[in-house]
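>>> dropping the sequence and predicted coords here.
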Amino acid sequence: QVQLVESGGGLVQPGGSLRLSCTASGSFFRIHTMAWSRQAPGKARELVAVIINGTYTHYADFVKGRFTISGDNAQNTVYLQMTSLKPEDTAVYYCKADVSSRPSSIPYNYWGQGTQVTVSS
């Protein structure tokens, strides 16, 4: 079983910055990808950014140039540095990890509980 714990959310003014963290714990063999998604009230959950094998990154167009995803493999942690925040970035941000429990097992998706980000003056 894998647990994902997010932190770093909060209230920030437009144009401000926040850094989210997500740490995976438990018993597992390997983390393949970690990602951040978000869900605003009344909207579907959407992918924000993903990091694959701790190296390759991909961003949604609406955060390119403003958000940066990075990983610390030794700490099983992924970060999302958010800058130039806009009111439309307000959402609950969720961490997701694709994790193998054994060397030959298919990765399984785990989700964190979410952390609220509110961008408002």
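Arrived safely.

>>> just for this protein, where's the confidence low?
Counting by pLDDT under 70, the chain contains no low-confidence segment.

>>> not counting its neighbours along the chain, what's nearest residue 121?
residue 13 (5.4 Å; CB to CB, 6 or more residues apart in numbering). Glycine gets a C-beta too; all of them are placed from N, C-alpha and C.

>>> what's the residue nearest to the spatial centre of the chain in contact with, if anything?
Geometric centre of the chain, nearest residue: residue 36, 2.6 Å, by CA atoms, centre = their mean. Contact partners of residue 36, counting by CB atoms under 8 Å, 6 or more residues apart in numbering, are 20, 22, 47-50, 69, 78, 80, 93-96.

>>> buried subset of these, written for ChimeraX?
What follows is the ChimeraX syntax for the buried subset of the contacts of residue 36, where burial is set by 16 or more other CB atoms under 10 Å:
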select :20,22,48,49,50,69,78,80,93,94,95,96
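
>>> no further questions, thank you.
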